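Trainee: got a sequence here, can you model it:
(chains A, B, C and D)
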Number of protein chains: 2
Amino acid sequence: MEYTVQQLAKLAGVTSRTLRYYDEIGLLKPARAHASGYRIYGSKEVDQLQQILFYRELGVDLETIKQIITSPSFDDVQALKQHREKLLAERRRLEALIANVEKTILAKEGRIIMSDKEKFEAFKQQLIDENERKYGKEIREKYGDEQVNKSNEKVKNMTQAQYEEATKLGEEVLRVLHEAFLTGDPAGELAQKVAELHRQWLGYFWDHYSREAHAGLAQMYVDDERFKAYYDQKQSGMAEFLRDAIFIYTGKK
Amino acid sequence: MEYTVQQLAKLAGVTSRTLRYYDEIGLLKPARAHASGYRIYGSKEVDQLQQILFYRELGVDLETIKQIITSPSFDDVQALKQHREKLLAERRRLEALIANVEKTILAKEGRIIMSDKEKFEAFKQQLIDENERKYGKEIREKYGDEQVNKSNEKVKNMTQAQYEEATKLGEEVLRVLHEAFLTGDPAGELAQKVAELHRQWLGYFWDHYSREAHAGLAQMYVDDERFKAYYDQKQSGMAEFLRDAIFIYTGKK
DNA sequence: GCTTTACATTGACGTTACGTCAACGTTTAT
DNA sequence: ATAAACGTTGACGTAACGTCAATGTAAAGC
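Mentor: A predicted model of the protein is given here:
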């Protein structure tokens, strides 16, 4: 089954302009060009476009999508499974927003008290995850400029499965951190487990690990209010605790 | 509680640039300016920003958001309830995408057959609804330029609850249309019920109804492949049938 | 075969919602 | 008083197209 630009655009619910743009940037090339110069797309391109639309739906930028799907190791069934996981996560985020709006309604009706901070909690979760990744990069730039290109490449080539794993690991860090916090001992077994998990989490974003960089990032968690707020979400003081645990783990203290 | 730009930005998980931009376009003005010229935001602005973020989350463009929240009749509790409805709808759309990806996985594993068309179904639903609204406007421009401003205003002020009702009605039109189609009689009772339901649906988007405009739109459904494909989704010929039913309903034939 | 309509191409400017940076004034902490 | 942190305005750049012009090609109608 072959399609011209308009046919495929209609089929997929995009515009012909979009398809031409995708051709132009090398994201989705036609199967071939008709003698007239018209673009002709086939089944392979249909499947590729569907993948692109899933990634787009999940907020991935086109350049990143291009790198993922043009990789020789790209496995479309695996990618579809990853989309599913990510869509489920997105649904959970929506559910948090729904819960937040319901809570806001109660607050407006005077039934509960809601802090200014709580009003924005559901909006911020994804942003904080992204900021955290970004700041990890800044540390890299600070301690090793020659590694930045590799690091950028690594982040861009991260698969959705890896992203999911990283997200889960980040959640686990937070959970175990709280347990360790309750022990009160940053040098204890639990706290050191947190630091180790945190190091594993960094492995998803950093091309090369160094203790110095790890410690530097941990200090940033305390110095930057956004991170501090994130780690203190369960209980105040947890950001400092994590910093201390990591300092001990890395031998800085 | 008062906040400077960075404080509110951090609280809400947006950038100071965003807040300055929102001030510049009149979307979210500070409560006052400090003697230094610094922007100072208060509780009222916090609540406004939360509303803005909900609308933004739901894909509403900033100009539209501005018009909604600056309207004298804006009711924030009512708006929150509408956000909730829309978020629930968005969650249902995500669920359709999840079902679609699961189905695609099955197709890839060779367990079921999936058409090229089915591969894009979940992506297209919202797009078609939006296109339909847009074309309704074009008809208005064609038959009555002096009504366009009112019509634009109506669409922009449509509440989320109204949008949901319109969506449901659109679905009912399609369902009853198929039943009527099976009777084969565009002048029959069922077909005329479809035309009436369609007219009601138009009431959500048009400030003023005219039979001429209705008939013109119906003809467009047959002439424009995108609408034709939409109405023919259940069975080929349904777009023409709807056109005929509306022509009879409006007295054009 | 010729004409008209529909479809496709490339090129280019415009849009929305910011991101980024420069230059410089103001506030806070030491 | 000084340095660091924060704020301002102004301005250019970006991603992902939307829109339109000029022109060639394919398909339908006569």
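Trainee: which stretches in the stretch 151-253 of chain A count as helices?
Mentor: Under the criterion DSSP state H, counting those that start in this stretch, helices of the stretch 151-253 of chain A are mapped to A:160-183, A:189-202, A:211-223, A:225-231, A:238-250.
Trainee: so which of those helices is the most surrounded?
Mentor: helix A:238-250 (a mean of 22; mean count of other C-beta atoms under 10 Å in any protein chain shown). No exception for glycine: its C-beta is placed from N, CA and C like everyone else's.
Trainee: let me see the mean pLDDT of that one.
Mentor: Helix A:238-250 shows an average pLDDT of 87 in the prediction.
Trainee: that helix packs against which elements?
Mentor: helix A:160-183, helix A:189-202, helix A:211-223, helix A:225-231 (3 or more C-beta pairs under 8 Å, 6 or more residues apart in numbering or on different chains; DSSP states H and E).
Trainee: contacts for it?
Mentor: A:177-178, A:180-181, A:186-187, A:191-192, A:194-196, A:198-199, A:211-212, A:214-215, A:217-219, A:221-222, A:227-228, A:230-232, A:252-253 (C-beta atoms under 8 Å, 6 or more residues apart in numbering or on different chains).
Trainee: need the helices of the stretch 151-253 of chain A in JSON lines (columns: distance to DNA strand C).
Mentor: Listed next are the helices of the stretch 151-253 of chain A as JSON lines, based on distance: least, C-beta to the nearest atom of the strand, whole Å:
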{"stretch": "helix A:160-183", "distance to DNA strand C": "20"}
{"stretch": "helix A:189-202", "distance to DNA strand C": "21"}
{"stretch": "helix A:211-223", "distance to DNA strand C": "13"}
{"stretch": "helix A:225-231", "distance to DNA strand C": "13"}
{"stretch": "helix A:238-250", "distance to DNA strand C": "17"}
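Trainee: least reliable of those helices by average pLDDT, please.
Mentor: Minimum mean pLDDT among the helices of the stretch 151-253 of chain A: helix A:225-231, a mean of 60.
Trainee: hmm, B:Ile98 and A:Glu57 touching each other?
Mentor: No: taking contacts as C-beta atoms under 8 Å, A:Glu57 lies outside contact range of B:Ile98: 10.8 Å.
Trainee: anything in contact with each of these two?
Mentor: Residues touching both A:Glu57 and B:Ile98 (C-beta under 8 Å, 6+ apart) are A:Leu87.
Trainee: quick check on the residue of the stretch 1-150 of chain A found nearest DNA strand D: phi, psi?
Mentor: Across the stretch 1-150 of chain A, the shortest distance to DNA strand D (C-beta to the nearest atom of the strand) belongs to A:Ser36, at 2.9 Å. For A:Ser36, the backbone dihedrals (degrees, to the nearest 10) come out as phi -80, psi -10.
Trainee: number of nearby residues for the closest residue to A:Leu80 other than its chain neighbours?
Mentor: Closest residue in space to A:Leu80, ignoring its immediate chain neighbours: B:Ile105 at 5.0 Å, by C-beta to C-beta, 6 or more residues apart in numbering or on different chains. Counted with other C-beta atoms under 10 Å in any protein chain shown, the neighbours of B:Ile105 add up to 19.
Trainee: quick check: buried residues in the helix or strand containing B:Ile105?
Mentor: Using DSSP states H and E, B:Ile105 sits in helix B:76-108. Neighbour counts over helix B:76-108 (16 or more other C-beta atoms under 10 Å in any protein chain shown) mark B:79-87, B:89-91, B:93-94, B:97-98, B:100-101, B:103-105, B:107 as buried.
Trainee: following element in sequence after that helix, please.
Mentor: As the chain continues past helix B:76-108, the following element, by DSSP H and E, is helix B:116-119.
Trainee: so how far is that following helix off the chain centroid?
Mentor: Its chain's C-alpha centre and that of helix B:116-119 lie 23 Å apart, by C-alpha atoms, centre = their mean, to the nearest Å.
Trainee: and it, what does it pack against?
Mentor: Against helix B:116-119 (3+ C-beta pairs under 8 Å, 6+ apart) you get helix A:43-57, helix B:76-108.
Trainee: how about the CA coordinates for whichever helix or strand comes after the shortest one, as CSV?
Mentor: With elements assigned by DSSP H and E, the helix or strand that comes after helix A:43-57 is helix A:62-69. As requested, C-alpha coordinates have been extracted for helix A:62-69 and formatted as CSV (Å, rounded to 0.1, in the frame of the first residue of the first chain):
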residue,chain,number,x,y,z
LEU,A,62,11.9,15.8,17.0
GLU,A,63,15.7,15.6,17.0
THR,A,64,15.6,13.1,19.8
ILE,A,65,12.9,11.1,18.1
LYS,A,66,15.1,11.0,15.0
GLN,A,67,18.1,9.7,16.8
ILE,A,68,16.1,7.0,18.5
ILE,A,69,14.2,5.6,15.5
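Trainee: next, see if helix A:62-69 gets close to DNA strand D.
Mentor: Yes: Helix A:62-69 lies within reach of DNA strand D by C-beta under 7 Å from any atom of the strand, at A:Leu62, A:Glu63.
Trainee: tilt between that helix and helix A:76-108?
Mentor: Angle, helix A:62-69 to helix A:76-108, by axes from the mean of the first three to the mean of the last three C-alpha atoms, to 10 degrees: 140 degrees.
Trainee: and for A:Ser36, the neighbour number?
Mentor: 6.
Trainee: same thing with the one 5 residues further on?
Mentor: By other C-beta under 10 Å, the residues close to A:Tyr41 number 26.
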